[in-house]
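> Pasting the sequence and the predicted model now:
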Amino acid sequence: MVSREAGGRRPLDEAQARSKADRLRRMQWLATSLLGLMLAILAMSAAYESRHPGLHWIRAFAEAGAIGALADWYAVTALFRYPLGLPIPHSAIVSRNKDRIGESLGDFVEQNFLTPENITAKLRQHDAAQALARWLAARRNSLAVASAVADFVPVMLSGLKDEEIRQFFDRTLTPQLLSLNVSRIAGNVLAMLTEGERHQVLLDRALQALERWLVAKQGLIEAKFSEASRYTPRGLDSYVVNKFRQGIVTLLHEVVENPRHELRQQFDQAVRDLIHDLMNSEEYRQKGQALLRKLVEHLQAEKFYRLLWDDVRRRVQADLESESSLIKEHIASALTVSGEALLEEAGVRQKLNEWWLDAIHKVVVRFRHQISGLITDVVKSWDAEEVSRAVELEIGRDLQYIRINGTLVGGTVGLLLHAGMYLAGT
């Protein structure tokens, strides 16, 4: 009986295995008893045939039946073991050819089942996106998923110790941080932000915000100007500040309204120069690395990893343990809304189904040989005797019917042949 779990096998249920073994033994006993009966009848008919000539009919039947029974016994036995323990060629077929059977089984599954056409044709019959959407739209299902996530997260968080987290960050995050070229990254980000004159739009908004601030803070500016100029009359201070503000606002309007304004071009050139320096200047690169080292040293000195991890873990666990968990609610709500929205969008469902089938097709094409190879490797890893015994438990009972049928059919055919020869002789 195959009982080991290695190699991907599921252990047979002991009660089920014993039941199969009992049924097999009963059928073996019946087939063997029928063979014994044929031999007994053959012996008796041969012994008394001289006294009772009519027994030649029974003898013919019993003789052919015994031959058929013996032949089928040999054939069935040779499938699983050596008949009478003798190493007869081409016997113990299952155990001796286990590896070849595994290869054939893997090839058969690959060629006849794991074909993209077969699998996608079967899956195409079902609207997987609609089924998923309906399942998620049911609140109880979304809550079940959220609860499953909530049950898993605390276990994962509790299994990770503080020291392990610190070591993880020290081994992975810290070296990666220190290896970054911060100035080049900043230059790339700034180049991306300024592509297509995006920075000019930002400049316009900044100038408009500056104008609003000057208008709103005129009193504050006058007060500060008066503090700095104690010997001038307040009216003169107000006049100077107002003229200054008006001049600045006018300049801001000119810059905003004129895409070719000199200040705008100077700003554009300054941004380009900054991007170039960030990406190419050794001075900027060193300054970026120095800043990064100070950041890492600060994080390590302040035990930032531990504090951050403790805070995150405490907050997450407290939320998940509460009856009105926000995390659970957000997950469940997001899943429910996604399901409801998907039900209303037939086009999206169609695209999801197409994506799903295309993904399955690609996976099958790429990995079907590996799957068949896995089947072959698993079968090869099995013990030959256990495999033979397992196969016999599954089909051995039906094979005993072959022995029984062979006995009866052999006897009948033998009787018919005897009758033909008898009639031909007469």
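Received, thanks. Numbering: from 1, shown residues only.
> And for residue 188, the neighbour number?
Each residue near residue 188 was counted by other CB atoms under 10 Å, and the total is 14. Every C-beta, even on glycine, is put in place using the N, C-alpha and C of the backbone.
> List the residues that contact it.
Residue 188 makes contacts with residue 279, as judged by CB atoms under 8 Å, 6 or more residues apart in numbering.
> Next: residue 116.
Counting by CB under 8 Å, 6+ apart, residue 116 makes contact with 360, 361, 364, 365.
> repeat that for 10 Å
357, 360, 361, 362, 363, 364, 365, 368 (CB atoms under 10 Å, 6 or more residues apart in numbering).
> Which residue lies nearest to residue 399 in three dimensions, sequence-adjacent residues excluded?
Among residues not flanking residue 399 along the chain, residue 76 sits closest, at 4.6 Å (CB to CB, 6 or more residues apart in numbering).
> For residue 383, see how far away the one you found is.
Applying CB to CB, to the nearest Å, the value for residue 76 to residue 383 is 21 Å.
> got it, and residue 209?
79 Å.
> More neighbours: the two, which one.
Neighbours around residue 209 and residue 383, counted as other CB under 10 Å, are more numerous at residue 383. The numbers are 14 against 10.
> name the element the residue nearest the centre of the chain belongs to?
The centroid of the chain falls nearest to residue 363 when counting by CA atoms, centre = their mean (11.3 Å). Residue 363 belongs to helix 346-381 when assigned by DSSP states H and E.
> likewise residue 132?
Here residue 132 is assigned to helix 128-137, by DSSP H and E.
> what about residue 406, how many neighbours?
When neighbours are counted by other CB under 10 Å, residue 406 registers 23.
> And what about residue 197, helix, strand or coil?
helix (DSSP: H, G, I helix; E, B strand; the rest coil).
> Roughly how far does it sit from residue 255?
In terms of CB to CB, residue 197 sits 14 Å off from residue 255.
> These two: which is more packed in?
Between residue 197 and residue 255, counted using other CB under 10 Å, residue 255 has the larger neighbour count: 17 against 11.
> The more buried one is in contact with residue 268, isn't it?
No: counting by CB atoms under 10 Å, residue 255 does not reach residue 268; the two are 11.7 Å apart.
> Just the CA trace of the strand or helix carrying residue 204, in CSV.
Element membership for residue 204, per DSSP H and E: helix 198-216. Output in CSV follows, covering the C-alpha atoms of helix 198-216 (Å, rounded to 0.1, in the frame of the first residue of the first chain):
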residue,chain,number,x,y,z
ARG,A,198,5.7,70.7,-17.2
HIS,A,199,7.9,72.9,-15.0
GLN,A,200,6.5,76.0,-16.7
VAL,A,201,3.0,75.1,-15.5
LEU,A,202,4.4,74.7,-12.0
LEU,A,203,6.1,78.1,-12.3
ASP,A,204,2.8,79.7,-13.3
ARG,A,205,1.1,78.3,-10.3
ALA,A,206,3.9,79.4,-8.0
LEU,A,207,3.8,82.9,-9.4
GLN,A,208,0.0,83.1,-8.9
ALA,A,209,0.3,81.8,-5.4
LEU,A,210,3.0,84.4,-4.7
GLU,A,211,0.7,87.2,-6.0
ARG,A,212,-2.1,86.0,-3.7
TRP,A,213,0.3,86.0,-0.8
LEU,A,214,1.5,89.5,-1.5
VAL,A,215,-2.0,90.8,-1.7
ALA,A,216,-3.2,89.0,1.4
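> In that helix, which residues have enough neighbours to count as buried?
Residues of helix 198-216 classed as buried: 199, 203, 204, 207, 211, 214 (neighbour count, 16 or more other CB atoms under 10 Å).
> can you give me how far that helix is from the chain middle?
51 Å (CA atoms, centre = their mean, to the nearest Å).
> Number of residues surrounding the residue nearest to residue 399?
Count around residue 76 with other CB under 10 Å applied: 20.
> Distance of it relative to residue 195?
79 Å.
> ditto for residue 140
Going from residue 140 to residue 195 by CB to CB gives 49 Å.
> Check residue 116 too.
Counting by CB to CB, the gap from residue 116 to residue 195 is 42 Å.
> Equivalent analysis for residue 90, please.
The gap separating residue 90 from residue 195 is 76 Å, by CB to CB.
> By neighbour count, which bits of the helix or strand where residue 246 lies are buried? Give me those.
Using DSSP H and E, residue 246 sits in helix 234-257. If you call a residue buried by 16+ other CB under 10 Å, then helix 234-257 has these buried ones: 237, 241, 245, 252, 255, 256.
> Adding pLDDT and distance to residue 185 as columns, could you present those in a markdown table?
Listed next are these as a markdown table, based on pLDDT from 0 to 100; distance: CB to CB, whole Å:
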| residue | pLDDT | distance to residue 185 |
| --- | --- | --- |
| 237 | 68 | 47 |
| 241 | 75 | 43 |
| 245 | 78 | 40 |
| 252 | 80 | 32 |
| 255 | 80 | 30 |
| 256 | 79 | 31 |
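> Just give me the closest of those to residue 152.
residue 256 (54.5 Å; CB to CB).
> for that closest one, what are its contacts?
203, 204, 205, 207, 208, 211, 264.
> quick one: contacts for the second one?
With contact taken as CB under 10 Å, 6+ apart, residue 204 is in contact with 252, 255, 256, 257, 259, 264.
> any idea how far it lies from residue 257?
10 Å.
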